[in-house]
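Undergrad: Below: sequence and its predicted model.
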Amino acid sequence: MGQALGWLSDFARRLAARAREYLRKLAATRHSIGARLLIGILLFSTFVTFVLAGIQLYTDYQRDVAAIRSRLDLIGKSYLDSLAESLWTLDETQLRLQLMGILQQADIRAAEVRDTGISIKPLVVQVGETPEPPVVTRDYPLTHTVQGQDRVIGTLRVEATLANAYRRLTDTAARVFATQATEIFLVALFIIFFFNYLVTRHLSAIAAQVGSYRIYDSPLELCLKRRRPRHDDEMQRVTTAFNSLSHNLHAAFRDLAEREARIRCLVDANIIGVFTWQLVGRTPEDQDVAFRGVNDAFLRIVGYDREDLVNGSVTQRTLTAPEWQDRTQRAMAEMRLTGAFQPYEEEYIRKDGSRVPVLIGAAQFGETGEQGVAFVLDLTERKRGEQALQQAQAELAHAARIATMGQLTASIAHEVKQPIAAAVTNAEAALRWLARRPPDLEEVRKALTRIVQDGNRASDVIGRIRDLVRKAPSPKERFEINGAIREVIEITRGEAVKNGVSVRMELGAGLQLIEGDRVQLQQVILNLMMNALEAMAGMAEGQRELQVTTTAEPEGVRVAVRDSGPGLTPVAEERLFEAFHTTKSSGLGIGLSICSSIIEAHGGRLWAEANEPQGAVFQFTLPVEQHSAS
Ligand SMILES: Nc1ncnc2c1ncn2[C@@H]1O[C@H](COP(=O)(O)OP(=O)(O)OP(=O)(O)O)[C@@H](O)[C@H]1O
Ligand SMILES: [Mg+2]
């Protein structure tokens, strides 16, 4: 018993679930094309049926009423004379019989003959029952000829019922509606079936397929297959158009996938850091770049995990070193204008707090500029290489400086010896003034003052030489170029005298301060002057003149070293600044190459020309606002 109850409740539950499912499906088809078509056909057909049935019923009704009227006309023609006769003779029996005859006619329900004579009790013969309305009543006068004159002796009233006509109308209406409704319904069902067979089932199938189709996952093209009808119909045209669209879409997708694969290859190769980005922040001031996708190379550069970057907790602003934030904003502004920004060098702060120099460039996708791609190159190695090169160059420059100083040793020794000899002479003079009786203290004081000046002069020369041979690179400073040049001329004066060269200075007034390495720039001037002295040393005759000039230029300062030597040969002119190019037996050929790299590092330019009327002129410019001195 319990088992049977359990089975029953289980069955009821399943039945209810099935019913619910069915109702749900039915509710879902409520808005389907089939249902709407069915409702449309039914409504329209019902309307048409109503109109047509109404017309038919109206004509039927008119016909029935006309039939009754013609029957009443017939009664008027055939019964009136005999009824008038019977009424004249007051033959009630005859009258009744005749009225019964009238009553036999279809739809006639009552007939009455009434005497209109003047008797107190006029004769009234009535047969049948007055019917329920609606009725058609007709009164006929009954006339008799008395003394050659027609006289109305009574009236005949006949009442016909319309009930039969109404019943027939109702029957007709019921029949018409029943048959029409069935017909409409069946035709509508058939239309829906056919419509479903031809159209909607295909649409449903297409919807089901297309809805679940994933172009990324499917290796096959999405294609509709339909048995081709003899003549193309609308469905066939839709099928052809869909297949062509699908084909084009696949071709475009394949093309896109291929292109993406090529770009992916670059990203996945992890040679350079690549990331895709999304702009965040509303105003240009608080605008920032959030990372969307990053490759491993980028992760290695910045030292963060992928999650840190992609979940938005670390942005471009977090990574960029504080002093580079302005440069980043400028790059963003450039990208807003042109769609990309030119690569520039900046520094990132890694997760561990260390800094990494990078080269960064980016471009935005599309017009809106909300998203884009960027590449980042780790410049650590390059910077290290650059530093090593700079150091090597600095060491070479230092060695060259020492070598030049070596060349000048004799002249410099002479320069130092001179004040020392003068000091000795002055000291002897002072001793002599002291030995006088009485001693001439005023002269002693003058001699001692000169000794101090000589000592200072010797000390200055040594100080300058010490500066020039010092190894440590001097810090970048702002200095006056004319002062630096005067010091170099001091050092080379002995050498110039030795070679019989007259040195002239034409140093411009009011020149702006130069920013850079004073010793390095002095080395440039020293090298140029030494070259000029050496060039003129070999000359047999002619005036030996060396001229150093400084002039103000629009963007900075120009320094020129002119000589009246033999000048530059065409071959020498071409290879002048190459390292190890020399025409001297004791030369290394690195003087000018060091000069040009120093000037370039200061953002300037060094070049050589022929001097007028003879000799060579070496000139260089230096910008007054200089940042990149080494
Ligand atoms: N003022 C000048 N007049 C003519 N030739 C010059 C002059 N300055 C340089 N040269 C030519 O350019 C060459 C290269 O000069 P650079 O200073 O680089 O090397 P160097 O003087 O030969 O050797 P060092 O390395 O000792 O300076 C010289 O050998 C010389 O032929
Ligand atoms: Mg030289």
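TA: It's in. Ligands and ions are numbered 1, 2, ... in the order given.
Undergrad: Look at Ala17 and say how many residues are nearby.
TA: When neighbours are counted by other C-beta atoms under 10 Å, Ala17 registers 10. Using the backbone N, CA and C atoms, a C-beta is placed for each residue, glycine as well.
Undergrad: which stretch of helix or strand covers it?
TA: According to DSSP states H and E, Ala17 maps onto helix 2-29.
Undergrad: What of Tyr140?
TA: Per DSSP H and E: strand 135-146 holds Tyr140.
Undergrad: Just want the angle from the helix or strand following that strand to strand 135-146.
TA: Per DSSP H and E, the first helix or strand lying C-terminal to strand 135-146 is strand 149-161. Strand 149-161 runs at 160 degrees relative to strand 135-146, counting by axes from the mean of the first three to the mean of the last three C-alpha atoms, to 10 degrees.
Undergrad: what helices or strands is strand 149-161 leaning on?
TA: For strand 149-161, the packing partners by 3 or more C-beta pairs under 8 Å, 6 or more residues apart in numbering; DSSP states H and E come out as helix 33-88, strand 108-115, strand 135-146.
Undergrad: Output it as CSV, nothing but the C-alphas.
TA: Output of strand 149-161 as CSV, limited to C-alpha atoms (Å, rounded to 0.1, in the frame of the first residue of the first chain):
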residue,chain,number,x,y,z
GLN,A,149,-71.9,52.0,-54.9
ASP,A,150,-68.9,50.2,-53.3
ARG,A,151,-69.3,50.4,-49.6
VAL,A,152,-66.7,49.3,-46.9
ILE,A,153,-68.6,46.8,-44.8
GLY,A,154,-65.8,45.5,-42.7
THR,A,155,-62.1,44.9,-42.4
LEU,A,156,-59.9,41.9,-42.6
ARG,A,157,-56.7,41.9,-40.4
VAL,A,158,-54.1,39.3,-41.1
GLU,A,159,-51.1,38.9,-38.8
ALA,A,160,-48.0,37.0,-40.0
THR,A,161,-45.1,36.0,-37.7
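Undergrad: Can you point out the buried residues in the next helix or strand after that strand?
TA: The helix or strand immediately downstream of strand 149-161 is helix 163-195, counting by DSSP H and E. Across helix 163-195, burial judged by 16 or more other C-beta atoms under 10 Å covers 165, 169, 176, 180, 184, 188, 192.
Undergrad: which residue sits closest to Glu323, ignoring its sequence neighbours?
TA: The shortest distance from Glu323 to any non-neighbouring residue, by C-beta to C-beta, 6 or more residues apart in numbering, is to Glu347 (7.8 Å).
Undergrad: what lines up beside the helix or strand where Gly361 lies in the sheet?
TA: Taking DSSP H and E as the criterion, Gly361 maps to strand 355-364. Paired neighbours of strand 355-364 in the sheet (DSSP bridges): strand 340-349 (antiparallel), strand 371-378 (antiparallel).
Undergrad: Need the winner for burial among these.
TA: strand 371-378 (a mean of 20; mean count of other C-beta atoms under 10 Å).
Undergrad: in the protein, which ranges drop under the pLDDT threshold?
TA: Applying pLDDT under 70 to the chain picks out residues 1, 118-119, 472-474, 625-630.
Undergrad: how about the residues of it near ligand 1?
TA: Contact residues, the chain versus ligand 1 (C-beta under 6 Å from any ligand atom): 527, 531-532, 535, 563, 565, 568, 572, 576, 581-584, 587-593, 616.
Undergrad: how far off helix 33-88 does the helix holding Ala17 point, in degrees?
TA: On the basis of the same axes, to 10 degrees, helix 2-29 is oriented at 90 degrees to helix 33-88.
Undergrad: please renumber so the chain begins at 11
TA: Got it, first residue is 11 now, which makes that one helix 12-39.
Undergrad: gap between helix 12-39 and the chain center?
TA: Taking the mean of its C-alpha atoms, helix 12-39 sits 54 Å from the chain's own mean (C-alpha atoms, centre = their mean, to the nearest Å).
Undergrad: what's the answer for stretch 362-371, then?
TA: Mean C-alpha position of stretch 362-371 versus that of the full chain (C-alpha atoms, centre = their mean) differs by 27 Å.
Undergrad: dump the residue contacts of Arg615.
TA: By C-beta atoms under 8 Å, 6 or more residues apart in numbering, the contact list for Arg615 reads 609, 630-631.
Undergrad: now do 10 Å
TA: Counting by C-beta atoms under 10 Å, 6 or more residues apart in numbering, Arg615 makes contact with 568, 606, 609, 629-633.
Undergrad: Can you classify Thr249 by secondary structure?
TA: When classified by DSSP: H, G, I helix; E, B strand; the rest coil, Thr249 comes out as helix.
Undergrad: and what of Arg236?
TA: coil.
Undergrad: coming back round to it: mind putting the strands paired with strand 365-374 into TSV with distance to Val498?
TA: Shown next, in TSV, are the strands paired with strand 365-374 (distance: least, C-beta to C-beta, whole Å):
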stretch	distance to Val498
strand 350-359	35
strand 381-388	42
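Undergrad: picking that back up, kindly calculate the angle that the strand holding Tyr150 makes with helix 173-205.
TA: Interaxial angle of strand 145-156 relative to helix 173-205 (the same axes, to 10 degrees): 150 degrees.
Undergrad: Quick check: buried residues in strand 145-156?
TA: Residues of strand 145-156 classed as buried by neighbour count (16+ other C-beta under 10 Å): 145-146, 148, 150, 152-154.
Undergrad: would you turn the residues you listed into TSV with distance to Met549?
TA: Below are the buried residues of strand 145-156 laid out as TSV (distance: C-beta to C-beta, whole Å):
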residue	distance to Met549
Val145	158
Val146	157
Arg148	162
Tyr150	168
Leu152	175
Thr153	176
His154	181
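Undergrad: For ligand 2, tell me which of those residues show up nearby.
TA: Among those, proximity to ligand 2 is found for none (C-beta under 5 Å from the ion).
Undergrad: Counting neighbours, what do you get for the residue in the stretch 161-310 of the chain positioned nearest to ligand 1?
TA: Minimum separation of the stretch 161-310 of the chain from ligand 1 (C-beta to the nearest ligand atom) falls at Ile282, amounting to 39.3 Å. Residues within reach of Ile282, counting by other C-beta under 10 Å, total 18.
Undergrad: Contacts only, for it.
TA: Ile282 is in contact with 276, 305, 307-308, 311, 368-369, 371, 385-388, counting by C-beta under 10 Å, 6+ apart.
Undergrad: quick one: it from Arg310, how far?
TA: Distance, Ile282 to Arg310, by C-beta to C-beta, to the nearest Å: 11 Å.
Undergrad: where do the contact lists of these two overlap?
TA: In terms of C-beta under 10 Å, 6+ apart, Ile282 and Arg310 are both contacted by the residues Asp388.
Undergrad: before we move on, back to that, tell me which of the strands paired with strand 365-374 lies nearest to ligand 2.
TA: Comparing the strands paired with strand 365-374 by their distance to ligand 2 (C-beta to the ion), the top pick is strand 350-359, with 34.5 Å.
Undergrad: can you pull the alpha-carbon coordinates of that closest one into PDB?
TA: Output in PDB follows, covering the C-alpha atoms of strand 350-359 (Å, rounded to 0.1, in the frame of the first residue of the first chain):
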ATOM      1  CA  ALA A 350      51.600  57.900 -30.900                       C
ATOM      2  CA  PHE A 351      54.600  59.300 -29.200                       C
ATOM      3  CA  GLN A 352      58.200  59.100 -30.300                       C
ATOM      4  CA  PRO A 353      60.400  56.800 -28.100                       C
ATOM      5  CA  TYR A 354      62.100  58.500 -25.300                       C
ATOM      6  CA  GLU A 355      64.400  57.400 -22.400                       C
ATOM      7  CA  GLU A 356      63.200  57.400 -18.800                       C
ATOM      8  CA  GLU A 357      63.600  55.500 -15.600                       C
ATOM      9  CA  TYR A 358      61.300  53.000 -14.100                       C
ATOM     10  CA  ILE A 359      61.200  52.100 -10.400                       C
END
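Undergrad: Could you give the separation of it from the chain centroid?
TA: In terms of C-alpha atoms, centre = their mean, the centre of strand 350-359 is found 21 Å from the chain centre.
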